[in-house]
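A.B. asks: with the input below, show me the fold.
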Amino acid sequence: MSDVLVTGGTGFLGRRLVERLLAKGRSVVVLARHPDAELEQRDVRFVTASLDDTTAVADACAGIETVFHVAAKVGVWGRYEDFYRTNVLGTRALLEGCRLHGVRNFIHTSTPSVVYNGSDLADADESLPLTTRCPSPYPLTKAIAEREVLAANSEALRTVALRPHLIWGVGDPHLVPRILERARAGKLRIVGKGKNRVDMVHVENVVDAQLLAEIALDASAAGRAYFITNDEPVLLWHWINQLLSALGEPLIKKNIPLHTAAAIGAICEGLWRVLPLRGEPPMTRFVAAELAKDHWFDLSAAKRELGYSPRVSMAEGTMALIAHLKKQSGLTPANGSAKPFPLTNQTA
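C.D. replies: You can find the predicted model right below:
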């Protein structure tokens, strides 16, 4: 019998979690759209399906003790129906499978965007209400999914939701590559005054939190949600420019007012709705707000009830990321920037 099911176990976060579970001697099943040959050689069993396939999703819960639900449809743009089908109906099918097959624990990977309210979030805690109005379908559907996960908590099935913010690290296929791509194309602008403080979280710290949450479900964590970050809010644009500087890239110096970026985002959204344009718009109202406003969180609950403490610091993780990106690009200290990333982050 396999005791752990990881959805999205071939992705950036899910793969790290699977690796750590295997190192602990756990028997792992991965639900993913495509199998991974290397993991199969390590006796990981694959259920090849997407979260859209609700029957396969429910059946994957047979013989499982703990579900780590990592998979989701992510993005800032797209049809609401597509996000709903994956993020809500897929999660609902997992919960039904857990009830049907007697799964004991359910650790749900949510997002701080579920409390989006269009305002600055400074030292925000879990008392904030889940969003019901947002210009992006991702936070809306993740909020519905989190609400249903926590409502499903019972003596038979213990559930918890974790809200990691801006997951990054070596191997990140989303956050840092997108920053570098847009910066190199000359398409990145500081939105607002560039003084907004933002929490991020290293991928290994998120895995720590997930493993701690499984243990804490025996205590006070059941039915609760927790913000998970590095607990080191940084000036977002300072961090981005330090990263670019270390890689020998031009710094981002041009600003665009938030109201202008939001207006451009609204226009882009309209064009993408009526024209057959591919991919995501270059700007949306949601992205404009995320790039200009504070988003940092109070971790008191996670520290107290999960025993969570960030193990990989921002400075340590950034140095490792820079070294990886330089090696990947063939850079050396001689032809890259000689200025090292600071061991302390500017936060004011």
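A.B. asks: just the helices in the stretch 51-200 of the chain please.
C.D. replies: Listed in chain order, the helices of the stretch 51-200 of the chain (DSSP state H, counting those that start in this stretch) span residues 54-59, 80-83, 90-101, 137-151, 175-184.
A.B. asks: out of these, which gets nearest to R285?
C.D. replies: Ranking the helices of the stretch 51-200 of the chain by distance to R285, with CB to CB as the measure, places helix 137-151 first at 12.1 Å. To be clear about C-beta, it is placed using only N, CA and C from the backbone, and glycine gets the same treatment.
A.B. asks: other residues contacting that closest one?
C.D. replies: Contacts with helix 137-151, where a contact means CB atoms under 8 Å, 6 or more residues apart in numbering, come from 69, 72-76, 78-80, 82-84, 86-88, 91-92, 95, 106, 108, 110-111, 113-116, 130-132, 134, 159, 161, 223-225, 286.
A.B. asks: now stretch 191-200
C.D. replies: Defining contact as CB under 8 Å, 6+ apart, one finds that stretch 191-200 is touched by 112, 120, 122, 165-168, 227, 229-239, 255-258, 261, 288, 291-297, 314, 347.
A.B. asks: may I see the buried residues of that stretch?
C.D. replies: Applying a neighbour-count criterion of 16 or more other CB atoms under 10 Å, one finds V191, G192, G194, N196, R197, V198, D199, M200 buried in stretch 191-200.
A.B. asks: adding pLDDT and distance to K303, write those out as a markdown table.
C.D. replies: Putting these into a markdown table (pLDDT from 0 to 100; distance: CB to CB, whole Å) gives the following:
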| residue | pLDDT | distance to K303 |
| --- | --- | --- |
| V191 | 97 | 31 |
| G192 | 96 | 30 |
| G194 | 94 | 30 |
| N196 | 97 | 24 |
| R197 | 97 | 19 |
| V198 | 97 | 20 |
| D199 | 98 | 14 |
| M200 | 97 | 17 |
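A.B. asks: restricted to strands, list the residues you listed.
C.D. replies: Using DSSP state E, the members of the buried residues of stretch 191-200 that fall within strands are V191, R197, V198.
A.B. asks: now render these as a markdown table, adding distance to A183.
C.D. replies: Rendered in a markdown table, the data for those read as follows (distance: CB to CB, whole Å):
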| residue | distance to A183 |
| --- | --- |
| V191 | 14 |
| R197 | 21 |
| V198 | 17 |
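A.B. asks: now I190, which residues is it bridged with?
C.D. replies: Per DSSP bridges, residues listed as beta-bridge partners of I190: N255.
A.B. asks: can you get me a residue count around it?
C.D. replies: Counted with other CB atoms under 10 Å, the burial measure for I190 works out to 20 neighbours.
A.B. asks: quick one: contacts for it?
C.D. replies: Applying CB under 8 Å, 6+ apart, the residues contacting I190 are W237, I252, K253, K254, N255, I256, L291.
A.B. asks: can you list these in CSV and add distance to H174?
C.D. replies: What follows is the contacts of I190, written out as CSV (distance: CB to CB, whole Å):
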residue, distance to H174
W237, 19
I252, 19
K253, 25
K254, 24
N255, 24
I256, 23
L291, 15
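A.B. asks: farthest pair in these?
C.D. replies: The distance between the two most remote of the contacts of I190 (CB to CB) is 15.1 Å, for K253 and L291.
A.B. asks: re the thing from before, and of the ones in strands among the buried residues of stretch 191-200, the nearest to F12?
C.D. replies: The closest of those, once distances to F12 are taken by CB to CB, is V198, at 19.1 Å.
A.B. asks: C-alpha coordinates for stretch 52-64, CSV please?
C.D. replies: Presented in CSV, the C-alpha positions along stretch 52-64 are these (Å, rounded to 0.1, in the frame of the first residue of the first chain):
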residue,chain,number,x,y,z
ASP,A,52,-9.9,17.7,-15.1
ASP,A,53,-10.4,13.9,-15.0
THR,A,54,-12.4,13.8,-11.8
THR,A,55,-13.0,10.0,-11.9
ALA,A,56,-9.3,9.3,-12.1
VAL,A,57,-8.6,11.9,-9.4
ALA,A,58,-11.0,10.3,-7.0
ASP,A,59,-9.7,6.8,-7.8
ALA,A,60,-6.1,7.8,-7.1
CYS,A,61,-7.0,8.2,-3.4
ALA,A,62,-7.4,4.4,-2.9
GLY,A,63,-5.0,3.1,-0.3
ILE,A,64,-3.6,6.5,0.6
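A.B. asks: may I see the buried residues of it?
C.D. replies: Neighbour-count burial for stretch 52-64 [16+ other CB under 10 Å]: D53, T54, A56, V57, A58, D59, A60, C61, A62, I64.
A.B. asks: just give the nearest non-adjacent residue to the third one, would you?
C.D. replies: Meaning A56. Ranked by CB to CB, 6 or more residues apart in numbering and with sequence neighbours excluded, the top spatial neighbour of A56 is A49, at 3.7 Å.
A.B. asks: next, count neighbours for the closest residue to R79 other than its chain neighbours.
C.D. replies: Sequence neighbours aside, P137 is the residue nearest to R79 in space, at 7.4 Å (criterion: CB to CB, 6+ apart). Here the neighbour count serves as a burial measure; for P137 (other CB under 10 Å) it reads 21.
A.B. asks: how close does P137 sit to L291?
C.D. replies: The gap separating P137 from L291 is 19 Å, by CB to CB, to the nearest Å.
A.B. asks: tell me the contacts of P250?
C.D. replies: If you count contacts by CB under 8 Å, 6+ apart, then P250 has A183, L244 around it.
A.B. asks: chain center to stretch 25-43, what's the gap?
C.D. replies: 21 Å (CA atoms, centre = their mean, to the nearest Å).
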